[in-house]
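*Asks:* 3D model of this:
(2 chains)
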Amino acid sequence: MIRVTLPAHLRKLAQVDGEVSVDVAGPVTQRSVLDAVEARYPMLRGTIRDHVTHHRRAFVRFFACGEDLSQESPDAPLPGAVATGAEPFMIVGALAGG
Amino acid sequence: MSGVRVLVGTRKGAFILTADGKRERWDISGPHFAGWEIYHIKGSPVDPNRLYASQTSSWFGQIIQRSDDGGKTWHQPGTPPGEPTTAPDGSPKGESNKFVYDTSPENGKPLTTHQWYDGTAHPWEFKRVWHLEPSLSDPNMVYAGVEDAALFRSNDGGQTWQELAGLRGHGSGQFWAPGAGGMCLHTILLDARNPNRIFIAISSAGAFRTDDAGNTWQPINRGLHSLYIPNPTAEVGHCVHRIAMHRSRPDVLYMQKHWDVMRSDDGGDSWHEISGNLPTDFGFVIDVHAHEPNTIYVVPIKSDSEHFPPDGKLRVYRSRSGGNDWEALTKGLPQSDCYVNVLRDAMAVDSLDNCGVYFGTSGGQVYVSADAGDNWQPIVRDLPPVVSVEVQTLP
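*Replies:* Got it, this is the predicted structure:
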């Protein structure tokens, strides 16, 4: 089970509190995790990555295990701790100052 | 007694203001979709409980919301509450937020480029829905004007959207350029007499008309004169801020352009200026009295660099003669130290016997006049900056 944290706006859209959990068959990558999140919560399609190109939206970033993974290939394996559920995959809205 | 429901979109959520026909005591509901920009909310003319809302964010993109109970509850029409979140074939729903430009060989024109601010070619990129215009006859049909400028239509209550690509493919698209707010299609007027005729306006391209339900379009900008573009009388490139019409007289159009208030008496084929004695003819909103097709309203703004009323006085101007002769309406409005703006979609009228006029400001006030503009009062004073105001007259 993969743990995923969503920013507050997206939690409200998905009508969830706290983390969400998804199952991923096969390699655990950004793409497979986001595919699973969008399948479970289709109202989030287009909010994290583009509907068509599936590129990450410009003001969204991905973190896990203290690392910024935003620029990683969507098909690169995520850290093992994410794959085992020990650490969450974090979807974060980029901040633009106070 | 009949009443009104005012639908207010702000930078940080939506608010619904309701009152009986006296329009003196108001109930305030909201914020709905707190924290999100709500560019526009509008109700179906044939089913007042059917509302559509454009919820948008620079971070998380475009969400379409729908209410079937007058704004008490909302859902994304692609994912109705209580229904499975996947289609029978296992594919995810959630298509109601998907606005994809039509590039199909059958319908789409080649997706070329438009002009960027510096004149260079720039690809079309969907950003948000500025305006939702429900059909005059079918609550499940609704049009969406979007940035980068294009017109979409849904025939299934907002579940899916298809571009009317003939507009963007008109041939002049490569010369369209963004205004300060982006390259947005912000005005959609449906002709009550002729369902095949639609008017739209784009900043900064101008006004366009279709007479075949959106398949083909022609620019309708003859008579416009814009000093801020290389050719002041060009076919396209004019920064039209808003167009308004009276349903009983759809060949008469009123326009608030970047500068200049204009009028057409021939469905947009030609325009002439009606700024007359206005203190400034820059502004964003323009609207028409519900029962008097010759009575129109604007809110003059000082200039394109100073987006606030001249002299710090918030004044609505009314012409009862279809333009040129304007009177300032000030009773109940701040007449000193007022430096708010009134954006293009932030004025509306109700259709009660004594026509109500409404507008919202960048300072978060929503004002109402229950007597066609003679006297004003604030319904609310401290909302987030108001982007849009619509009103429904309820039985």
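*Asks:* which residue ranges of chain A form helices?
*Replies:* Assigned by DSSP state H, the helices in chain A fall at A:8-14, A:30-40, A:80-83.
*Asks:* packing partners of the shortest one?
*Replies:* Helices and strands touching helix A:80-83, by 3 or more C-beta pairs under 8 Å, 6 or more residues apart in numbering or on different chains; DSSP states H and E, are strand A:2-5. Quick note: C-beta positions are derived from backbone N, CA and C, even for glycine.
*Asks:* of all the helices of chain A, which one is nearest residue B:176?
*Replies:* Counting by C-beta to C-beta, residue B:176 lies closest to helix A:8-14 out of the helices of chain A; the figure is 31.3 Å.
*Asks:* does chain B sit close to that closest one?
*Replies:* Yes: counting by C-beta under 8 Å from any C-beta of the partner chain, chain B is contacted by helix A:8-14 at A:8-10, A:13.
*Asks:* ok, of the residues you listed, which come out buried?
*Replies:* For the residues of helix A:8-14 next to chain B, a burial check counting by 16 or more other C-beta atoms under 10 Å in any protein chain shown picks out A:9-10, A:13.
*Asks:* specify which member of the residues you listed is nearest to residue A:70.
*Replies:* residue A:10 (16.1 Å).
*Asks:* for chain A, give me the ranges with low pLDDT.
*Replies:* Within chain A, the stretches with pLDDT under 70 are A:96-98.
*Asks:* and it, which residues reach chain B?
*Replies:* Contact residues, chain A versus chain B (C-beta under 8 Å from any C-beta): A:7-10, A:13, A:38-48, A:51-52, A:57, A:59-60, A:93-94.
*Asks:* among these, name the buried ones.
*Replies:* By 16+ other C-beta under 10 Å, the residues of chain A next to chain B give A:7, A:9-10, A:13, A:38-48, A:51, A:57, A:60, A:93 as buried.
*Asks:* and the residue lying closest to residue A:94 once chain neighbours are set aside, how far is that from residue A:14?
*Replies:* The spatially closest residue to residue A:94, leaving aside those adjacent along the chain, is residue A:59, at 4.5 Å (C-beta to C-beta, 6 or more residues apart in numbering or on different chains). Plainly put, residue A:59 is 18 Å away from residue A:14 if you go by C-beta to C-beta, to the nearest Å.
*Asks:* quick one: the residue nearest to residue A:94 from residue B:59, how far?
*Replies:* Distance from residue A:59 to residue B:59, by C-beta to C-beta: 4 Å.
*Asks:* residue B:326 now?
*Replies:* Distance from residue B:326 to residue B:59, by C-beta to C-beta: 42 Å.
*Asks:* closest point of chain A to chain B, which residue?
*Replies:* Closest contact between chain A and chain B, by C-beta to the nearest C-beta, is at residue A:42 (3.2 Å).
*Asks:* pLDDT weak spots in the stretch 51-200 of chain B?
*Replies:* B:80-94, B:107-111.
*Asks:* make it 90
*Replies:* By pLDDT under 90, the low-scoring segments of the stretch 51-200 of chain B are B:58, B:77-97, B:102-113, B:117-119, B:168-175, B:179-181.
*Asks:* quick one, helices of it?
*Replies:* B:165-168 (DSSP state H, counting those that start in this stretch).
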